[in-house]
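Enquirer: Give the three-dimensional model of this entry:
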Amino acid sequence: MPEEDAFPTHAEAGKLISRPPDPRINTSAPDSGKLRNLAELFPAIERRPPVHTLDGGFRRSASRRLDRLRRRLPVMLEEETVYGHGFLFLPVVVGAGAVCWFALPQNPAFWPFFLVFCVCTIFVIASRHRSGTIHLLPLGVALFLGGMMLAQFETWRRSTVVLDMPVTTELAGVVERREIDAQGRWRYVVLIDRTSNPEVRRPPERVSLLARSRHEPAQIGETISGRTRLSPPSGPALPGLNDFAFSSYFDGIGAVGFFYGAPKKQAAGPSGRSWIADIESRLFDLRSAIATRIRETVPGDPGAFAAAIVTDERRAISKGTTEALRLSGLAHIVAISGLNMALAAGIFFVGVRTALSVFMGFGHAYPVKKIAALGALIMVTAYYLISGFGVSAERAYIMMAIMLVAVLFDRPSISLHNVALSALVIIAMSPSEMLGPSFQMSFAATAALVAGYALWKQRAEGRDPQPLPFRHPMVMPVLASRNFAAGVFVTSLIGGVSTAMFSVEHFHRIATYGLAANLAAMPIISFVVMPAGLVGMLLMPFGLDAPFMKLMGLGLEAVIAIAGHVAAWGGDVGIGRQHPWFLTVSTAGFLLLTLLRTKLRLIGPPLMVTALLFSWHERSMPLADILVSEDGTMVALVDEGRVTTNRARPPDFIYDQWKRALLLGDPTKPDMSPARDKPPDRKPSGAKNDKRRELTSAELETVRLRISQVTSARFTCEPKAWCAASTDNAIIVAVEDGRYAGAACDAADLVIAPRARFDRCRSGGLMINGTTLRKTGALEISLNGTGDIRRWQVRAAMAAEDRPWTRHRHHDWRSQSFDNALPEPLRQLISDNGG
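Expert: Down below sits the predicted model:
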C-alpha cells in the first residue's frame, strides 16, 4: 500500500503518543521513526481503503496512475524494441508521409524537404550508438519525409499527360492490352501513334477505348485505328469519394472513351519501343491467350471466374454473378490476392516436398524442404507474370517470395516482419497504391491473420499439451475436420473484421453474411478449385489441361451457387459515406492493436471506437439539398431520402455512387412534357451555315414566365432545353441548351448551365457553368432552409486543388495560362464551408 494511504487519523496519532513503547521497535535504530514501522504495527490501518475526498483523493489516485504509467512506459517500449517491433512501424511512417503528400492541395517544394531529410538522416547516423530514445524523433521525421519524396518521385516518373477536354477524333495506335467483358465487347489500352480530323495538339500517351461493335479482336502489338470519342478520366462523383483521375494518372491512362463502329487493323510500322516494353507486351499477350483458352474450355461464368483467378481478367464475369459475389462477401476470391497466391504456393510446396520425400535416399541426401521452396518460388513468379501486375497480386507475390526465401535461409516464414518488408517494397515502388482499397484491404487482412497466428502460437506454447485419452481411427478424422473447420472459421472471421473498415470507407457497405459464405465456399476453393487450376496450368503447355480446368469450373460453379444463395438473404448493409477522419483514426487503432505485443496495444480499441463515433456523427448530419455532377448534366434534389433528377435515365456510373454514399433510393423521373411554344433549334431550311438561331425577346420572356411559375419539387423539363424544380425556398434550373441560360437567371435562384457563356447572373442568382464545374468538380449544395444565397453551403469535390492529376482542369494549354479562380459568390460559399 502506498505510504500516503497509511497515515493515521488525528485520534489514532494521539493514542500512539500515549501508549508505552512497543518492545518490537528498536528505538535506537536509525529507521525507527519511518512510517513503514507504523504500518507494521497497525495492519488494520494499512488494510483500510483510501478515503477519496473531493478536494484531493481522486487527484492523488490519478497522479499515482500517471506515475505508474510513466514508470512502465519505458519498460513496454523497451520490450517492443527487443522483439523488433519498431521495424513494423517503418512502412507505417513512410506510408504516412506518402499519403500526406498526396493529400496536399498543391505540390510542395522539393528542396526544403530534402534538406531537412538530410539533416535528420545525418543526426540519426551520428547518434545510432547512443542509448535512449533521443534518435527516435529525427528518425521518424526522416522516414516521414522519405515517404513524401517517394510520392513526389513517383509523380515525376509517371508524368502522365491527361486530356483536358472531350474530343471526337480519328485515332491510330498500338494495342498494349486487351480484355473482353460479359457482353463480348473488347476494351483496348492503346498507345497513341497519331490523331487527325481534328489533330489533338496535346494528346495523351495512352488511352483506354471500348469497342462495342462486333469485330475480329485485335492482338496485342497490332495497330488499330478508328473514329473515337475521348474524355478525361472522371473525378470524384461527390466530395470525399474515389477520384478516378488519380488512379488513371498513376496507371498511365490519359483518357477514356470508345470507338464509333469497329476499329480497323492497320499495318504495323517500325517499333520504337524498348526491350522492356516488348517483354511486357509478350507477357500480356500470353496472359490474354491463357484467359481465352480457359474461357473456351469452361464456358459461361465459371470459365470467366476461372480466368479471373488465373490471369486477373475480370470483365468477362457477368454483372449478376459479380453482384452476387459482392453481396455475399466472396468478391475477394476473384482478385489474385494473398489467398490465391498462398494456396497455389502451398499446394505446390507440399506436393513437391511429399513427392521427393517418398525417395528416402534422396530425402536424406538433399534438403527437400528447400528444393520445394525454390520450386514454389519459381511457380509463384510465373503466376505473377501472367497476372497483369495488379497491386493485390504484386503484394501477394512479394509476401510469398519473402516467405519462401526465408525458408531457403532457415528463417521464420510467417511473421509480421515479412509483412512489413513487403509493404516497404511496394511503398518504395509505387506509393500511390496505398490510397487504393486493394493495398489497404490485402495488407490489413494479412497483418491481422499473422498477428492472430502469432498470438495463438504464443498462448499454445504457454500451455502444457493435454494428450487425448484415446486414439481411434474413427475419432482422429473427426478431430482433424473439427480443427480445419475451426481454422476456416477463425480465418474468415479475422479477415472479415480486419477489412470491414476499409470496405465501409471505399464501398460504403458491408456484407453481414460474408462469414457464412466463406465457411461454405473456402473448402471448395482450397481442395477443388486451386489444386485443379494449378495442375491444369502445369499441363497446359502439353494440351492436357482440359479435364482439370473443367473440374475447376465445376468447383467455381458451386461457389457461384453459394454466392447467389447467400446474396438472396439480403445481408448487404449500406453504411454510407464516412467522416473524413474515420479511416485515419480507425487505421491507427488497428495498427496499434495488431503490431504491438505489450499492453500498449490496448490504445488501439479506444481509437477504433472513436472512429465509430466519427461515423455516427457523419450519418447524423443532414444530407445536402442539391447534388450536381462534375459535368453539370445531372442534377438531383434530395428531400429526406427522396430524390428527383433532371434525367429520365440517370447515368448508372454516377448515380450508383450517389446512391451508395448517401443511402438514396431510386430517383423520381422528371415530367418530360414538351412545351408547345418551344422554338425551333435551327434556322429555316437553306439558311446560311444552318446554325442554331438566337432566341427572340418574346420567346425568352415566355421561358422566364414558365420557369417562375414552377411550383413542384419534381423537375419539369422541356427536352433538350431546360428542367426546373421548386423547393420551399428556391427555384432550381438545369439548362441543357445555353441559349436559355439568361432567361433562367432572371427567374431562378440557382442555375446549372454547362454550356452558358457567362458565370454570373445579373439578377443575383447563383450561376454554375461548365468552366466553373471543371474547377470544382461535383458539388453538394445545402440551402439551409432559406432562399438567401449568402447563407447557403457548398461543398466542392476538388476546389482550388493544383495537382498533376487535376491540372488539366485549370490549365489552358493553348495560351499556356493557369486559372483556378472561382466566380463570386460561389468562391465565398465554398471558402466559408471549408471547401
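Enquirer: ok now do the residue nearest to residue 751 when sequence neighbours are not counted, which residues does it touch?
Expert: Distances taken as CB to CB, 6 or more residues apart in numbering put residue 744 closest to residue 751, at 4.7 Å, once the chain neighbours are dropped. Every C-beta, even on glycine, is put in place using the N, C-alpha and C of the backbone. Listed by CB atoms under 8 Å, 6 or more residues apart in numbering, the contact set of residue 744 reads 703, 704, 707, 722, 724, 733, 735, 751, 753.
Enquirer: Buried residues of the helix or strand where residue 744 lies, list them for me.
Expert: Here residue 744 sits within helix 741-747, counting by DSSP states H and E. Neighbour-count burial for helix 741-747, counted by 16 or more other CB atoms under 10 Å, picks out 741, 742, 743, 744, 745, 746, 747.
Enquirer: Check stretch 71-78 too.
Expert: For stretch 71-78, a neighbour-count test (16+ other CB under 10 Å) marks 76, 77 as buried.
Enquirer: still on that earlier bit, show the average pLDDT along the helix or strand that the helix holding residue 744 is followed by.
Expert: Past helix 741-747, further along toward the C-terminus, the next helix or strand under DSSP H and E is strand 750-753. If you average the pLDDT over strand 750-753, you get 94.
Enquirer: Strand 750-753 - contacts with which helices or strands?
Expert: When contacts are defined as 3 or more CB pairs under 8 Å, 6 or more residues apart in numbering; DSSP states H and E, strand 750-753 sits against strand 731-735, helix 741-747, strand 766-769.
Enquirer: Try it again at 10 Å.
Expert: Under the contact definition 3 or more CB pairs under 10 Å, 6 or more residues apart in numbering; DSSP states H and E, strand 750-753 sits against strand 626-628, strand 722-726, strand 731-735, helix 741-747, strand 766-769, helix 770-776, strand 779-782.
Enquirer: Identify each buried residue in the helix or strand hosting residue 276, please.
Expert: Element membership for residue 276, per DSSP H and E: helix 275-297. Within helix 275-297, the residues that count as buried by 16+ other CB under 10 Å are 280-281, 283-285, 287-288, 290-295, 297.
Enquirer: sorry, back to before: out of the contacts of residue 744, which is nearest to residue 777?
Expert: Nearest to residue 777, judged by CB to CB, of the contacts of residue 744 is residue 753 at 16.9 Å.
Enquirer: Could you count how many residues lie near the closest one?
Expert: Neighbour count of residue 753, defined by other CB atoms under 10 Å: 29.
Enquirer: For stretch 206-220, C-alpha coordinates in CSV please.
Expert: Output of stretch 206-220 as CSV, limited to C-alpha atoms (Å, rounded to 0.1, in the frame of the first residue of the first chain):
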residue,chain,number,x,y,z
ARG,A,206,-2.1,6.1,-73.6
VAL,A,207,-5.9,5.7,-73.7
SER,A,208,-8.5,3.1,-72.8
LEU,A,209,-11.1,2.5,-75.5
LEU,A,210,-14.2,0.3,-75.6
ALA,A,211,-15.1,-1.3,-78.9
ARG,A,212,-18.9,-2.0,-78.8
SER,A,213,-19.3,-3.3,-82.3
ARG,A,214,-18.7,-6.9,-83.3
HIS,A,215,-15.3,-7.3,-84.9
GLU,A,216,-12.3,-9.5,-85.2
PRO,A,217,-10.3,-8.9,-82.0
ALA,A,218,-7.0,-7.1,-82.4
GLN,A,219,-4.0,-8.9,-81.0
ILE,A,220,-1.6,-7.2,-78.6
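Enquirer: same question for it, mean pLDDT?
Expert: 93.
Enquirer: For it, buried residues please.
Expert: Neighbour-count burial for stretch 206-220 [16+ other CB under 10 Å]: 206, 207, 208, 209, 211, 212, 215, 217, 218, 220.
Enquirer: Let me have the residues you listed in CSV, extended by secondary structure.
Expert: Output for those, formatted as CSV (DSSP: H, G, I helix; E, B strand; the rest coil):
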residue, secondary structure
206, strand
207, strand
208, strand
209, strand
211, strand
212, coil
215, coil
217, coil
218, coil
220, coil
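Enquirer: nearest to residue 666, of these?
Expert: Nearest to residue 666 among these is residue 212, at 26.5 Å by CB to CB.
Enquirer: mind checking how far the closest one is from residue 783?
Expert: For residue 212, the distance to residue 783 equals 41 Å [CB to CB, to the nearest Å].
Enquirer: low-confidence ranges in this protein?
Expert: Judged by pLDDT under 70, the chain has its weakly predicted residues at 1-58, 131-134, 268-273, 458-484, 673-692, 814-816, 832-835.
Enquirer: Looking at the record's assignment, how would you partition it?
Expert: 3-51, 83-157, 167-272, 287-460+474-573, 582-620, 626-681+694-832 (automatic domain parsing).
Enquirer: Can you give the strand pairings for the longest strand along the chain, parallel or anti for each?
Expert: When the chain is parsed with DSSP state E, its longest strand is strand 167-180. Strand 167-180 sits in its sheet next to strand 186-196 (antiparallel), strand 223-231 (antiparallel), going by DSSP bridges.
Enquirer: Just put those strands in CSV and tack on mean neighbour count.
Expert: As requested, the strands paired with strand 167-180 are exported to CSV (neighbours: other CB atoms under 10 Å):
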stretch, mean neighbour count
strand 186-196, 18
strand 223-231, 20
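Enquirer: one step back: can you name the two of the buried residues of helix 741-747 that are farthest apart?
Expert: 741 and 747 (11.3 Å).
Enquirer: Between the buried residues of stretch 206-220, which sits nearest residue 420?
Expert: Minimum separation from residue 420 among the buried residues of stretch 206-220 (CB to CB) is found for residue 206, which lies at 33.4 Å.
Enquirer: Against residue 230, how distant is the closest one?
Expert: Applying CB to CB to residue 206 and residue 230 gives a distance of 12 Å.
Enquirer: hey, where'd the helices end up in the stretch 551-700 of the chain?
Expert: Taking DSSP state H, counting those that start in this stretch as the test, the helices found in the stretch 551-700 of the chain are 582-595, 604-620, 652-662, 697-708.
Enquirer: what's the answer for the stretch 1-150 of the chain, then?
Expert: According to DSSP H, counting those that start in this stretch, the stretch 1-150 of the chain carries its helices in the segments 10-18, 35-41, 43-47, 57-82, 90-103, 110-126, 136-158.
Enquirer: Comparing the ones you listed, which comes out most buried?
Expert: Counting by mean count of other CB atoms under 10 Å, helix 90-103 has the highest mean neighbour count of the helices of the stretch 1-150 of the chain, with a mean of 20.
Enquirer: and that one, what does it pack onto?
Expert: helix 110-126, helix 136-158, helix 416-429, helix 437-461, helix 582-595.
Enquirer: and these as CSV, adding distance to residue 276?
Expert: Shown next, in CSV, are the helices and strands packed on helix 90-103 (distance: least, CB to CB, whole Å):
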stretch, distance to residue 276
helix 110-126, 27
helix 136-158, 14
helix 416-429, 15
helix 437-461, 24
helix 582-595, 35
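Enquirer: wait, which of those is closest to residue 406?
Expert: helix 416-429 (6.6 Å).
Enquirer: name the helices or strands packed onto that closest one?
Expert: Using 3+ CB pairs under 10 Å, 6+ apart, the elements in contact with helix 416-429 are helix 90-103, helix 136-158, helix 391-408, helix 437-461, helix 582-595.
Enquirer: Could I get the buried residue list for that helix?
Expert: Applying a neighbour-count criterion of 16+ other CB under 10 Å, one finds 416-428 buried in helix 416-429.
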